[in-house]
Structures are given as C-alpha cells and as structure tokens.
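**Q** Got a sequence here, can you model it:
(chains A and B)
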Amino acid sequence: MHTLVLTKGVPDFREGQVSFDEDGHLERGKTPTVMNPNDKHALEAALQTKVRHGGTVSLMSMGPPGYKEVLQEGMEDVYADDLYLLSDREMGAADTWATSITLSTGIDHLEEEPDVVFAGFKTADGETGHTGPQTCWCQDWPIVTHVVALDIDEEERTLRAKRLVEGDVEEIETVEAPLPCFVVADPEFEPTYRKAEHRLRHKDLRAETQERAANFEDHLEVYDQAELNLDPDFIGLDGSPTIVAGVDPIPKAPSEREATMVDPGDEGAMAEVFEELEPYAGAD
Amino acid sequence: MTDDYEHYEAVVVGAGPGGAAAAATLAQNGVETLVLERGVESGSKNVSGGLIYAEESAPYTIDGLFPDFRAEASERPISEYYLHNVAGRKVKTIDLTGIHEHDTAWSDAVLRRHMDSWLEDRVHEMTRETGGGLLTGVRVDGLLREAGEIVGVTCEELDPIKADAIIAADGVNSELARDAGLMDWEDPEEWFQGVKAIVDMPEGTIADRFGVADDEGVAHLFSGDLFEGVRGGGFLYTNDDSLSIGTVFHLDSLVAEEAEPHELLDALLTHPLLDQWLQGEYEELEYGAKLVPDSKKVAHPSPHRGRLMLVGDAAGQMQAQGPIIKGMNHAVSAGALAAEAFVEADTRGRPEEAGQRYETKLRDEGVMKKLRPTRYKVASAVGENDAVASVTDKLVDSSLGKLGIKAADRLGLLRRSFNSPFVMSVMPDTQTLYVTAPTAIAEALGTPVRAENDVEPPDLADRIGDLTYDVGDPHIELQDNSFAASGAAVSACPVSATDFGGGCYRDETVKTNGHEEHLVSLDTQPCVECGTCAIVADTEWEHPAGGKGVEFKQG
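**A** Sure thing, here's the model as predicted:
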C-alpha cells in the first residue's frame, strides 16, 4: 500500500507566533512557517493506513526551499518514508488551480503510483479547500471528502469511508470507492488502533523514523521545473486565474456585554444582584 | 466475531517488577508475549517504600533477569540499617544491619518511575523478538471468558485479546484478581497504607549528612509514640540525590484512630531526630501513597484460576513483618516462576496445568513460606488474641517491663532479638510491637535529642497541586454516601482530610426537611489511586483509562 499526503507550509497563526504590521498585513518574515494544522488529520489517516496495511507513506508539498523543514516535521508525525518538494521560482505565486496542476504532475512523476492520496480539509492561509479536490480532478480519480473513519480492503482494492454529510457531525454516511482514490480527512477524523498488533507496529515505526527524520534530506527529492517540464502558462502566477482585488481585515466583533463589579460583602449591592437575577430564576 | 480476536501465547498485565520478570522469562523461552501497562510509562502508576531486595535463597533476582539493573535502574545500595525507638524527644537507636543482611545478597533504594521505565525498554525489546511486545496506556479491565472459562483479557483501549496464559501483575488493586474472585477489598485488617515524600537532596549533602560514600546508602526506621498511637512506623532511605521518607500503617488502625495519613507523615518529617539530616532545608519533590497487602493474611495460597496466574501485589505477595518490608523481590520470584510454570506445562502439551505448577513452585521454592510463615500463624493465634495482647501491652509498659528492657539491653538481648529472623517472624502484629515496646524502650534507654527541627512540610493542597494528573472520567463511584458507610475515607484517604475541601472525599452535613444528614461526597480529580477507599468506604472502584489519572514522576 503506497499512500501520499499532500501538505502545505502556512504561517503559524497561533498567538505569540504570528506577526502583523500596522495595517494588519501579515509579516511573513517575522512569522514562522509550520505545517498546515488541518493537514495533521490527513497525516493521521495516512499513518493509520501504514500501520494497518504496511507499505510506504510519501509526503508532497509545493513551495519554497524552506518547506523542507515542514516536510521533516511531517515525516516525524506520519513516519513517512519519502519526501517530495516541488520547488521552483516559476511555480511561485500560484493560486489553487496552478498548484493543483503542479501537484498532479508531481504525482504522475512518482516512481510508484499511490493507492490513496490524502489531503487536509483546507489551509489556514487560503481557507479555500480547493487544492485537494482539484488535484484529484486532474488525476481523474474518485474522491471522498469529509472523511472521519477509514477502512481499506487490499484484496478487493476498495476503500470504505465514513464521511460527514455536508460537514454535519450529526449525519454520517458510509461510502465505498475503488483504489486509487483521493481522501480528504475531516478535522473530526479519529484514527483507531484497537489491535495490539497495530499499536506494536506503531511503536516500531516510531523508533525507525527517529533515525530517518534526523537525516531527512537523504529521503527528500526536490522536483524543479526542469524535472517536471510543465507548461509555463499553467503554473505559477501566469497559470493562476484568481485575481485578488484587495484584502480587508476582519473587523473585531463588538463587545455586547457590560460588567459591573460587586463586592460580595456589600449586602445592599448583593440584594440588587438578586433582584436583577430574579426574573431569570425558574419557578419554585 | 470471536474468531477475529487477536491471540498471543501469553499476556502479561502490568509492567512493574513482577510483570517484567514474567515477561523476560517468557521471552527467554521463546513464548510470544504481549505486555500491557496502563500507565503512560511503566512506573508512572507506582509508588513503593523504596527498597528492593535480592535474597540469597530466592529462585530469581531482578539483576539475575536484568543484568545491568543495579548499575542503571536502582539508586544507592543500602549498607547500614537502623531502627529508632522514639518516646517524645528520647530516642534509642538499634542497629538492625544484622536482620537486614540476613539472606540478603544485596538491597538497593529505588525510585519506581526511573526503575520501571528502564525495565520497560528491556522488556519491550525482549518480548518484541517473540512477536509480542510491550504497550503502555492500555488498561486491561477484565477477563475474557468463553463458556465460563477464562480465555483472555478485555481492555478499554483494545479489542479483547485471547491468550494461553494470562499473568496478572497489575498491582495491589488488581482488577483481574477481583474479576476472578481470588482477591477482595473487604477487611482493613488485611492491609497497610504507605505514604511517602520524595525530598530533594544533592549527592554531596547526602554524603555529608549521612556519612556515606557516593555508592553507599543508609536506611533508618522509626517507631514509638510519634504517630498518635497508630500502629505502624516510618522510614527514611537515601536515593542518589533525594530521600524517600514515609510511613506505613495498619489500615484498620488508621481508621480506628481517624488519623490523617499526611499529618502522620508530617509528624515524622518534623521530629527533632530528623534535623540532623534535613537541617531546616526541605523541598518535597513528590507526595505519593500506596496500599500494601499483608501477605501473612492475604497472600493467596493458590493464586491462579484457569489460564490466569496472579503475581506480586495482585496476589497479596507483600511480606511485612516488623521492620522487614519485602515486596518487589517476591514479585520478581513469583513472576518468573509463573512464566516458568507456563513454559513447562506448555512444553508438555498441557498449558492448562500452568497454574497448578505455579502454585507448587511458590511452595517448593520457599516463596510461600516467607509470605505466610507457619510459625506466625501459631504465634499470632496467641499473640493477637485481644486479651493476651492487652496483657502483653500492659506488661511491656509497666515498670517491670522497663526493668526487663534494661536488663535485656545490658545482656545485648535487645539488639539480638531485633536482629533475629525467628523473633521477627513470630512477632504478633499488635500495638505492642509498633508503639508500646518502642516507646518503652526509648523511655528506659533513650537519650533526648536536643536539636530543633524547623522544617515546614507543604500542606495537603500544595501536595495535591504538585502532582501530575491527566484527569479522565471519574473511576470511583460512591455506592453509599452516608457517613456511617463511607465516612472513614475522609480521614484515611491520603489526599483527603476532615475540614479540607480540595481532596477526594469530603464530609457534609445536609439539612433536609428539618432533619440533618451526615453525608460523604466524592470528587476523584486528585485521586492517587491507592485503593484505600475501596476498602474503607462503600465504593464501586476501578482504575482510570489507560494513560489517565495520576502520573508519578518519582514513585
């Protein structure tokens, strides 16, 4: 079983990490790049597949050379075997469309075709959720989105998944898809390891990966434009039909609550508090 | 779906010294062995007094099974051993090195987190080669039965697992032992409760204050009138760069006196005698507690049922008689013997005979004789008879008794008696041994300690606050919340106290319709999982899920 996870480096939007200038624009230079948080669920789904069925996991990302560290982080998380970075100046400033075409070509370029490609729900910077499905469209494979649980039948070459219908946690349907296929892991995805054998293999993989992750560059291949030989009109800025007309900061939600401090020792003030509360109290 | 269950030749539940010994022995014999440990790491659920013995007469020792154990997993070897008899400020110290060294190949201080996690790595490596391995964070919560026969285990985090042999080394509160009906939580008289503080002390300071070299350690025991008349005593052991200071009491006595375990520990910590070692400096690294089975009363003579064999504390294999407290060494012997029994039975094509073979081995190798000495049975029948005990107690405390003590000391009899394995094993478990005699000895022969001990131990709220918890769902249910049924837990629980709102158990007076009810409420958040309340209160008691609950860093 060969699985591939598509991942992206994004600005670390957590408080204390992210930096904005006076106009509210993100300061990329001052904000560290981390793996897109939603991609962790795709990694977990891929790891579950590797633990249960064996085989290899590859990670692929398109981005600047600095994304190598993001791939290394992912390698430790998913016990990945191989890392692929699609990186070239000509691929820069791509929208989701150009990115999907580039990624799809990267997938075709792999020595071994993946049985399942996992993608995260959406990225923390773009928030579109387009790249996974579009890449799948380029491959002309089936896709299952919003996946919360997963089972693969290797002999039948089918994947059975539980997915949220319209993203609703209350409504779950089970679908089947032939391999190879794309899977978008929902943030609700929960890996399950109910067999001791699986947990033991998990432990073995963790031990193995430590050494590999320390020397991750030995397992990293960088595909540039010369290697992929993409049509320049379909990649990077030139291949991106999206036009960003402007960026507006999201206004802060107005505070609607008023607070009054009351000294609990002040009996008069406390009596007023009880009076205020009285209408909300249930009937005796 | 039964056919889908995983199967291993052997499943070992619990990765303490007993489980480790069993797993190592199974693995050495090529048995496919799965070890399931509920802590986030082995040792994270364990507290022990802090001394492990290797007996000369034992069939197995921990360093025999794990050759680097002493170099890598234990603290200081104990070379000196003293008992301090205390009456107020008067102290009479008796050198117990003789009894300590009796049948002892070596004895080292240990901290369980460090020790057990070291064992975990070795055990995983050994068992992995057999096709099994060791998993942490998995709570085995019961026995899997088919047509009434035990065929495996059920787990909270895993699907049921079948096995040809199940070795339960899951500690003093073993859920498997109870599921099998082999042990219960009924009688406080069958248990001790230990409470311990790990106190920070740099290596050099230990050398200076205890007069030991870097590779030497010392054990001090304390008994007499410093514990409000509660039957039990205190101990202090030197680790590499900390001290284990604790107390062990008969649970029935704790309950009868309504004593607060943490206050009894404080009574020891603040006694003037300890000033020579603490010298006003006190930084507590961890507060912990543990229930200790009294093997004389509860060591199961036939600790097996079907494919299940109990090992260590789970089988009540904890020898406590007077100053001698030995548990881990017996768990090691039992674990390895249970493994050996299965290997032999399986080789002969009769794996179902493993339990009976294990029982025979415990007897033939002398383990059972140490856990339940026959001569204690006879002596206790007389000595623990209430009328006799009362007379003995009054006699020792009388002027005649004190005259006798002085005479005995002059003749060297006192030291000789305390160092006699025979005398120690027949000593009845009464007030006389723990309180009256030591107090009388100190009064008759002791010299007053002049120093002032101004150590201030942390209060219970701070002790609880410093522990690490990953709180899961409440794992204890109070069945009867009347004070009459469960009130004993308020004081006996080591993380609860009367008039303290931050612990597990609280007593409450509730007024309803004009009449008052005295009730007990429970919040398991700060629970240290010692099991005390399972015995003294009316509860439905189980362990938290794998990796949840308290996590000891020292142990």
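
**Q** From now on I want contacts and neighbour counts done on CA atoms only, so please keep to that.
**A** OK.

**Q** How about the residues of chain A by chain B?
**A** Residues of chain A lying near chain B by CA under 8 Å from any CA of the partner chain: A:193, A:194, A:195, A:196, A:197, A:199, A:200.

**Q** quick one, what contacts residue B:50?
**A** Residue B:50 is in contact with B:109, B:110, B:111, B:112, B:237, B:244, counting by CA atoms under 8 Å, 6 or more residues apart in numbering or on different chains.

**Q** Out of those residues, which sit inside helices?
**A** residue B:112 (DSSP state H).

**Q** which one among the contacts of residue B:50 gets closest to residue B:298?
**A** residue B:112 (23.8 Å; CA to CA).

**Q** Farthest-apart pair in the contacts of residue B:50, please.
**A** Farthest apart among those - using CA to CA - are B:112 and B:237, which lie 13.7 Å from each other.

**Q** count of neighbours near residue B:72?
**A** 12 (other CA atoms under 10 Å in any protein chain shown).

**Q** can you give me the helices for the stretch 151-300 of chain B?
**A** Counting by DSSP state H, counting those that start in this stretch, the stretch 151-300 of chain B has helices at residues B:175-179, B:203-210, B:251-257, B:261-269, B:275-278, B:295-298.

**Q** Could you do the stretch 151-284 of chain A as well?
**A** Using DSSP H, counting those that start in this stretch, helices in the stretch 151-284 of chain A cover A:196-214, A:225-228, A:267-277.

**Q** which of those helices is buried the deepest?
**A** helix A:196-214 (a mean of 17; mean count of other CA atoms under 10 Å in any protein chain shown).

**Q** avg pLDDT for that helix?
**A** The average pLDDT within helix A:196-214 is 93.

**Q** what's the burial count for residue 243?
**A** Picking chain A for this. Neighbours of residue A:243 (other CA under 10 Å): 7.

**Q** ah, I was thinking of chain B
**A** Residue B:243: 25 neighbours (other CA under 10 Å).

**Q** On the three-state scheme, residue B:389 is what?
**A** Look at residue B:389: counting by DSSP: H, G, I helix; E, B strand; the rest coil, its state is helix.

**Q** In space, what's closest to it - neighbours in sequence excluded?
**A** Excluding the flanking residues, the one nearest residue B:389 by CA to CA, 6 or more residues apart in numbering or on different chains is residue B:383, at 5.7 Å.

**Q** any low-confidence regions in the chain?
**A** Here I'm looking at chain A. Where chain A drops to pLDDT under 70, the residues are A:282-284.

**Q** hm, I was asking about chain B
**A** Looking at chain B by pLDDT under 70, you get B:1-3, B:425-428.

**Q** Near chain A, which residues of it are found?
**A** Counting by CA under 8 Å from any CA, chain B sits next to chain A at B:6, B:132, B:133, B:134, B:135, B:157, B:158, B:159.

**Q** For the residue in chain B that chain A sits nearest to, which non-adjacent residue is spatially closest?
**A** Residue of chain B nearest chain A, by CA to the nearest CA: residue B:158 (4.2 Å). Leaving aside its chain neighbours, residue B:158 sits nearest to residue A:194 (4.2 Å; criterion: CA to CA, 6+ apart).

**Q** got the buried residues for stretch B:185-197?
**A** For stretch B:185-197, the buried set under the neighbour-count rule, 16 or more other CA atoms under 10 Å in any protein chain shown, comprises B:185, B:188, B:190, B:191, B:192, B:193, B:194, B:195, B:196, B:197.

**Q** Can I get these in CSV including distance to residue B:286?
**A** Conversion of those to CSV gives the following (distance: CA to CA, whole Å):
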residue, distance to residue B:286
B:185, 27
B:188, 26
B:190, 27
B:191, 23
B:192, 20
B:193, 17
B:194, 14
B:195, 11
B:196, 8
B:197, 6
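
**Q** Tell me which of the residues you listed fall in strands.
**A** Counting by DSSP state E, the part of these found in strands is B:191, B:192, B:193, B:194, B:195, B:196, B:197.

**Q** hmm, back to that, so the residue nearest to residue B:389 sits against residue B:391, correct?
**A** No. If you go by CA atoms under 8 Å, residue B:383 and residue B:391 don't touch, sitting 9.9 Å apart.

**Q** Out of those two, name the residue with the larger neighbour count.
**A** Remark: of residue B:383 and residue B:391, residue B:383 carries more neighbours, 22 against 13, as counted by other CA under 10 Å.

**Q** Can you name the residue of chain A nearest chain B?
**A** Chain A approaches chain B most closely through residue A:194 (4.2 Å), counting by CA to the nearest CA.

**Q** show me what contacts that residue?
**A** Neighbours of residue A:194 in contact, by CA under 8 Å, 6+ apart: B:157, B:158, B:159.

**Q** which among those residues gets closest to residue B:171?
**A** residue B:157 (19.2 Å).

**Q** Check which residues of whichever helix in chain B runs longest are buried.
**A** Longest helix in chain B, counting residues (DSSP H): helix B:328-347. Buried residues in helix B:328-347, counted by 16+ other CA under 10 Å: B:328-346.

**Q** ditto for stretch A:181-197
**A** A:181-187, A:189-193, A:195-197.

**Q** Good, wrapping up.
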